[in-house]
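A.B. asks: One predicted model, sequence on top.
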Amino acid sequence: MRFPSSSLLLRLSLGGTLLLATAACDKDNDVDDDDPSQVTFTQAGLYPEGTQYDDDNDRFLVSSQTAGRIGQVKDDGTYSQFADDAQLVSTIGLRLDQASGRNRLLAAVSDPGYNTARTTATTRRKLAAVAIFNANTGAKTGYVDLGGLRPNAAAHFANDIAVDGAGNAYVTDSFAPIIYKIDAQGVASVFLENAALAAPSGAFGLNGIVYHPDGYLLVAKSDEGAIFKVPLATPSSFTKVTATGLTLTGDDGLQLTDNNTLLVVCNAQGQVYRLSSTDNFGSVSRTGSFTTGAVYPTTLARRDGQSYVLYSYLNALQQMQSPPVEKFSLTRVAF
């Protein structure tokens, strides 16, 4: 997920209507034609950046750059608080992990300076952490500091999270060329650090991240519009996925719909691309695209075998639009 610099479906009013992405669903083969084409809710100035769909509880979970709290949204557009804590300065990417009884929600926590009630001089552009919650109750069960692993870095911004089959979490840092690892016991380490993954000062580098069941990560790098393949066994041997003829600048949220198909949200472009691979993601080709318009879509979520995209309007937040955007939505992607 990425913060505005220069991310599907609704035509927004001038005030701004945000389409929220639905979250990951375990019933990927059970397409439900009764699922809504869009869900819209009103919450002025919330600016959600990440989302997941909680199939067990029939709700979307959404983050907030400005309030920090995590909210839940029902299909009728009802928004309510799911979890909040003083440590949640700004919540970015979310990852629902209900495999093997773990039943948890992981939230990337950063401080871009937009939550005036919680930002401080010591955390602004320096904070990278992951907060962990019980996926049913919203009770906080853990908080892992990541930026403290590299306290001398110029800046930190925890952005997105992937979880492998063993429950290890991998977290991108958009302001430092680092992917962190949090093992199933909650112990954090630097999984990969390489200057080749750095971005210019102030730009967003590493962004969306997904785990592939063949034992590697796919990672977006927004400033150069690249996707990297990072083997779990030998992360230093990472390679750039060949994407000939594709412009993926501003690539943000990633979503695997099957082992050979990757959806990529390009925020400033206002596009969602469907990419296919026949060589285990050594290379990809475009097999579909979905135009969102200038709504700054950020990420995708999975519900009943369908993908939903989040219209974040983070560009309006960066520009300090007044009045702030009030309506946010989740829209089903159609290629």
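C.D. replies: Received, thanks. Because the structure is a prediction, the values reported are computed rather than measured.
A.B. asks: Ends of stretch 204-221, what's the gap?
C.D. replies: End-to-end distance of stretch 204-221 (CA to CA, to the nearest Å): 8 Å.
A.B. asks: my bad, stretch 202-215
C.D. replies: Using CA to CA, the span of stretch 202-215 from its first residue to its last is 32 Å.
A.B. asks: Would you mark the buried spots in it?
C.D. replies: By neighbour count with 16 or more other CB atoms under 10 Å, stretch 202-215 contains the buried residues 204, 205, 206, 207, 208, 209, 210, 211, 212. (C-beta placed from N, C-alpha, C; glycine too.)
A.B. asks: Then stretch 76-85?
C.D. replies: 77, 79, 82, 83, 84, 85.
A.B. asks: So which residues of the stretch 1-150 of the chain form strands?
C.D. replies: Under the criterion DSSP state E, counting those that start in this stretch, the stretch 1-150 of the chain carries strands at the ranges 38-42, 51-54, 59-62, 70-73, 79-83, 90-97, 104-110, 128-134, 140-145.
A.B. asks: Show me what the fifth one is packed up against.
C.D. replies: It stands for strand 79-83. strand 70-73 (3 or more CB pairs under 8 Å, 6 or more residues apart in numbering; DSSP states H and E).
A.B. asks: if you average pLDDT over the strand it packs on, what comes out?
C.D. replies: Regarding strand 70-73, the rounded mean pLDDT is 98.
A.B. asks: Give me the contacts around it.
C.D. replies: The contact list for strand 70-73, computed with CB atoms under 8 Å, 6 or more residues apart in numbering, reads 20, 39, 41, 43, 46, 48, 54, 57, 59-64, 79-84, 88, 91, 94, 105, 107, 133, 138, 330.
A.B. asks: Can you list the strands that it pairs with?
C.D. replies: strand 59-62 (antiparallel), strand 79-83 (antiparallel) (DSSP bridges).
A.B. asks: Residue 158: what's it in contact with?
C.D. replies: Contacts of residue 158 by CB under 8 Å, 6+ apart are 92-93, 108-110, 127-130, 146-147, 171-173, 180.
A.B. asks: can you pull the pLDDT of it?
C.D. replies: On pLDDT, residue 158 comes in at 98.
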